[in-house]
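>>> Got a sequence here, can you model it:
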Amino acid sequence: MRTRILPRIGTQPSLNRGPNVYGSDKASRFVSDLASGTDSLDIILLGDSNTGSAIAGMWGYHQGFCEAMNGKGWTFYGTPLLAAKNGREINNAPDLWRGGINYFAPTGSFLSGITSGGATAYSIWSPTGNWTRYGGSGVNGTFLTGVSITSTTGDFACSAAAAELRGGQTVTIEGTFGGTGDISGYTNPKTYYIVATNGSTTFQLSTSLNGTPITTTAGTPTGLTYTPANDSRDDWAYISSATQYFQSSGLYINSDNPLATAGNTLYYRIRYGTFITSGGGFCPMVFNGSSAEQFSPRRFQSSTGSSYSYAVREDSWVTAGTTSYRGTWSFVGTGSDVCKGPMAIANQSFYRRTKGWSIHSHAYLGGQSSDMIASTIKNNVPLTVMQNNLQEIRERQITAGGTGRVLLMYQAGINSSPASGQETASKWVAAARDIWDVYKAAWVSLGYPLEDLACCFWCSHQANSADTSNPATVPGNLIAVRAAANQMAIDVPDMTVIDIKRLLNYNQLLMGTGDIGAAGNPVASNGKPYYQRINNWPTAGSDFYEHLSGGWTNIVGPVYHPTDGYTIMCNNILNALLSA
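You can find the predicted model right below:
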């Protein structure tokens, strides 16, 4: 009896067999076309803490790739997308390279600013009736109904769920607790993880992925909604009808950002929701470092349309140079110049209309192993959130002059899993394939050609001479993981893997090879290691092997300097792709 194996989405012949780059040549073609100015490229980063962000107090691959590509003279065309709300958003703390953001904690309730009605909370945009978002019809967010608490250890019962419930999936509980029963430690709102379920009518909750069950009291609460992830809610910032809102901070670029160079025509781009009701609008504004307005559209009437859908608002200005810029969609004024509901904002960005590159961090999951990262991407990120993000990335790039190419970059291996122990070859490969399939499925669901989506994955940097994982806590064997990752890219023809141990091994990372030259290559040694220092100071303190050295110090703040380990490693990755 023959067993027919269905091919995975978007397969193509494997062209690279090492020793540095394995698998599909698509990632190499994307980077080569960017380098030549032939096309644009948006890069999506995800992985463990080495992804990096300002909140981490370190740099990471996000900043490293920005510095490396800027150092090569490749054109930076746009900031990452800044989510207006991130309750379950996949954008996780991007530093926005040589800029910054007013970053909201993922609580779902943001009491920022004072209006005539007092502080106003964001809520989730859940319009009534069928509505269109991606060229087809959609439905409302799906809530669990008939919910009761059936034990003291986090067990719940419900009416048959509209979609299958899964272990690792999140359930967000919102509302004011009433009725009978109790959930210990509940605050409004709160997100829990399913740790056991029959897939339809029972589930058990924990406050952490694969964690211990919560403490409950049996009964039937009232006043609560229960929303499993992967419904059709988009986590837009929604302001209810007739409500005013003011939030003066938002999206920033510093004066040394390439976008701020004098003479650039920049666009402030906002993705917003349309409604079938009227009266709502927002106030897109950009200020320079002296708080001078760059344009003055005042309140933009956004809420009237033929359906609940989305649209894009863009306003432009010409940069003066030697100044920073700040964008906000919630400028406050008087009379008609107020941000007022009903309105919904998804994300915002600055960009210029030219071919070039942009970096987006989709998952900075500190301390997580490959299987944990894959579980988060598969189970805890609603499909519509990923669709919304991918659609905006592609549409913005095409508007700027590119063809809509996106390169997914993923790294993991340095951490252990609390539930299943050390990193293994089988876990790493399974996680990488799952993550790739999730992104491909979201891409295809939007009607986009797979020829415009590529991936480039790698196992974590070498943290000790034995090439195990975290040297302090996890014995693991990354030698076997690297070998399996390389073989995976040969076995799965639409994947690309880079063996970064061959680009910078333990001794090279420990010794350092110095600054980068004009072509992006290391020059004479300056004696600085490429591992992060415990106190983040380049010339003092012991090494912290789980991270490479980044551009942040406790003493002088952000330092953009080409001697950091991430910039060196990112240059080597780009050079390997260019030469493959």
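
>>> drop to CA atoms for contacts and neighbour counts, all remaining ones
Fine.

>>> any idea how far Asn507 is from the most centrally placed residue in the chain?
Geometric centre of the chain, nearest residue: His362, 1.5 Å, by Cα atoms, centre = their mean. To Asn507, His362 is 31 Å away according to Cα to Cα, to the nearest Å.

>>> thinking the residue nearest to the centre of the chain is in contact with Ile43, fair?
No. Using Cα atoms under 8 Å, His362 and Ile43 do not qualify as a contacting pair, with a distance of 10.0 Å.

>>> Which helix or strand lies directly C-terminal to the longest helix anywhere in the chain?
Using DSSP state H to define each element, the chain has its longest helix at helix 425-445. Later in the chain than helix 425-445, the nearest helix or strand by DSSP states H and E is strand 453-459.

>>> what about the helices in this protein?
26-36, 61-71, 370-379, 383-400, 425-445, 478-491, 506-511, 565-579.

>>> Let me see the residues that make contact with the third one.
In this case it means helix 370-379. 47-48, 166, 168-170, 229-230, 365, 412-413, 415, 417, 423, 427-428, 430-432, 434-435, 438 (Cα atoms under 8 Å, 6 or more residues apart in numbering).

>>> Quick check: PyMOL command selecting the buried ones in those residues.
In PyMOL syntax, the buried subset of these is picked out as below (16 or more other Cα atoms under 10 Å):
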select buried, resi 47+48+166+168+169+170+229+230+365+412+413+415+417+423+427+428+431+432+434+435
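
>>> ok, for Glu392, nearest residue in space, not its chain neighbours?
Leaving out its chain neighbours, the residue that sits closest to Glu392 by Cα to Cα, 6 or more residues apart in numbering is Arg271, at 7.8 Å.

>>> Tell me which residues touch the one you found, please.
Applying Cα under 8 Å, 6+ apart, the residues near Arg271 are 310-313, 345-348, 392.

>>> how about a cut-off of 10 Å?
By Cα atoms under 10 Å, 6 or more residues apart in numbering, Arg271 lies in contact with 81, 83-84, 236, 310-314, 344-349, 388, 392.

>>> Kindly report the same for Phe295.
Phe295 makes contact with 284-287, 315-318, according to Cα under 10 Å, 6+ apart.

>>> swap the cut-off to 7 Å and go again
Going by Cα atoms under 7 Å, 6 or more residues apart in numbering, Phe295 touches 285-286, 317.

>>> Now tabulate those residues in TSV and tack on neighbour count, distance to Phe300 and pLDDT.
Output for the contacts of Phe295, formatted as TSV (neighbours: other Cα atoms under 10 Å; distance: Cα to Cα, whole Å; pLDDT from 0 to 100):
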residue	neighbour count	distance to Phe300	pLDDT
Met285	21	11	87
Val286	26	14	92
Trp317	15	17	97
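
>>> ok, those vs Phe30, which is closest?
Ranked by distance to Phe30 (Cα to Cα), the contacts of Phe295 are led by Trp317 at 30.3 Å.

>>> So what sits opposite that closest one in the bridge?
Leu266 (DSSP bridges).

>>> distance of it from Thr176?
In terms of Cα to Cα, Trp317 sits 46 Å off from Thr176.

>>> Same question for Gln397.
Shown here: Gln397 relative to Thr176, a distance of 43 Å by Cα to Cα.

>>> ok, the two, which is more surrounded?
Remark: of Gln397 and Thr176, Gln397 carries more neighbours, 28 against 14, as counted by other Cα atoms under 10 Å.

>>> Tell me which residues touch that one, please.
Going by Cα under 7 Å, 6+ apart, Gln397 touches Gly404.

>>> One more pass at 8 Å, please.
Contact analysis of Gln397 by Cα under 8 Å, 6+ apart lists 40-42, 355, 403-404.

>>> Quick one: buried ones out of those?
Buried among the contacts of Gln397 (16+ other Cα under 10 Å): 40-42, 355, 403-404.

>>> Excluding sequence neighbours, find me the nearest residue to His547.
Per Cα to Cα, 6+ apart, closest to His547 is Gln532, 5.6 Å.

>>> partner residues bridging the one you found?
The partner list for Gln532 in beta bridges (DSSP bridges) reads Phe544.

>>> My read is that it contacts Gly512, right?
No. With contacts counted by Cα under 8 Å, Gln532 stays clear of Gly512, the gap being 11.5 Å.

>>> Gly99 and Ser579, how far apart?
Gly99 is 32 Å from Ser579, by Cα to Cα.

>>> out of these two, which sits in the more crowded spot?
Gly99 (17 against 10).

>>> Next one: the more buried one from Ile373, what distance?
For Gly99, the distance to Ile373 - Cα to Cα - is 27 Å.

>>> Save the contacts of Gln397 as CSV, and put in distance to Tyr566 and pLDDT too.
Output for the contacts of Gln397, formatted as CSV (distance: Cα to Cα, whole Å; pLDDT from 0 to 100):
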residue, distance to Tyr566, pLDDT
Ser40, 23, 98
Leu41, 20, 98
Asp42, 19, 98
Lys355, 25, 98
Thr403, 29, 98
Gly404, 27, 98
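
>>> Can you list which of the residues you listed are found in strands?
Counted as lying in strands by DSSP state E, out of these, are 41-42.

>>> now the contacts of Gln397 as a markdown table including distance to Thr384?
Shown next, in a markdown table, are the contacts of Gln397 (distance: Cα to Cα, whole Å):
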| residue | distance to Thr384 |
| --- | --- |
| Ser40 | 25 |
| Leu41 | 23 |
| Asp42 | 20 |
| Lys355 | 28 |
| Thr403 | 23 |
| Gly404 | 19 |
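
>>> quick one: which of the contacts of Gln397 is nearest Gly250?
Asp42 (21.8 Å).

>>> For the closest one, give me its contacts.
Here Asp42 is in contact with 357-360, 393, 397, 405-407 (Cα under 8 Å, 6+ apart).

>>> again, only using 10 Å
Residues in contact with Asp42 (Cα under 10 Å, 6+ apart) are 30, 34, 77-78, 80, 356-360, 393-394, 396-397, 402, 404-408, 453.

>>> One more: Thr201?
144-147, 156-161, 164-165.

>>> Just give the number of residues close to the nearest residue in space to Ala262 that is not next to it in sequence.
Nearest residue to Ala262 in three dimensions, chain neighbours excluded: Gly321, at 3.9 Å (Cα to Cα, 6+ apart). By other Cα under 10 Å, 17 other residues sit near Gly321.
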